[in-house]
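Chemist: Let me see the structure of the following:
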Amino acid sequence: MACRISELVIDCADPERLAAFWSEVLGYVELDREDDGSIEIGPPDTGFGGPQPTLVLSPSSDPRPGKLRLHFDVNATDRDQDAELERLLALGAKPADVGQTGTENWHVLADPEGNEFCLLHTRFQPL
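Modeler: Numbering: from 1, shown residues only. Got it, this is the predicted structure:
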């Protein structure tokens, strides 16, 4: 028996804003709200416990200590990388420089709070 990732928790200044951003990026919906201001988002048909992890956006006023030690990699499911890059930038993602050489086949971006993530080249079929 092994574990699997069921949810990822992101500390953030504005859970509402990041929940809206990541819901649009991933096609997720709001699943739950806690009294502390945390918002859980996840796949619309399965929610928590499905094959994809949910995200919990948890309010925090702690400053970010620097470059994240963990980041998301995302892949388009219904368009090519260039079209997906345009969509992510229109949603509020910004290009980020983490020391790439310029020869990579992925794009490094940051969400509205500056959390880095990568848009990979490979297109996945939806689950």
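
Chemist: what are the phi and psi values for the most centrally placed residue in the chain?
Modeler: Centroid check for the chain by C-alpha atoms, centre = their mean gives residue 22 as the closest residue, at 5.0 Å. Main-chain dihedrals, residue 22, degrees, to the nearest 10: phi -70, psi -30.

Chemist: bridging residues for the residue lying closest to it once chain neighbours are set aside?
Modeler: Taking C-beta to C-beta, 6 or more residues apart in numbering, and ignoring the residues beside it in sequence, residue 22 has residue 55 as its nearest neighbour in space, at 5.7 Å. The C-beta positions use only the backbone N, C-alpha and C, and glycine is treated the same way. Taking DSSP bridges as the rule, residue 55 bridges to residue 8, residue 41.

Chemist: Quick one: the helices in this structure, in order.
Modeler: 15-26, 81-91 (DSSP state H).

Chemist: Count the residues that sit near residue 63.
Modeler: 7 (other C-beta atoms under 10 Å).

Chemist: try the one 5 residues further on
Modeler: Using other C-beta under 10 Å, residue 68 has 15 neighbouring residues.

Chemist: How about the contacts made by it?
Modeler: Residues counted as contacts of residue 68 (C-beta atoms under 8 Å, 6 or more residues apart in numbering) are 115, 116.

Chemist: so how far is residue 77 from it?
Modeler: 24 Å (C-beta to C-beta, to the nearest Å).

Chemist: quick one: low-confidence parts of the chain?
Modeler: 1, 123-127 (pLDDT under 70).

Chemist: Domain ranges for it, per the record?
Modeler: Here the domain parsing of the chain from automatic domain parsing is 8-61, 71-127.

Chemist: For residue 89, give me its contacts.
Modeler: Contact analysis of residue 89 by C-beta under 8 Å, 6+ apart lists 95, 109.

Chemist: Distance of it relative to residue 42?
Modeler: On the measure of C-beta to C-beta, residue 89 and residue 42 end up 24 Å apart.

Chemist: go on, residue 121?
Modeler: Residue 121 is 26 Å from residue 42, by C-beta to C-beta.
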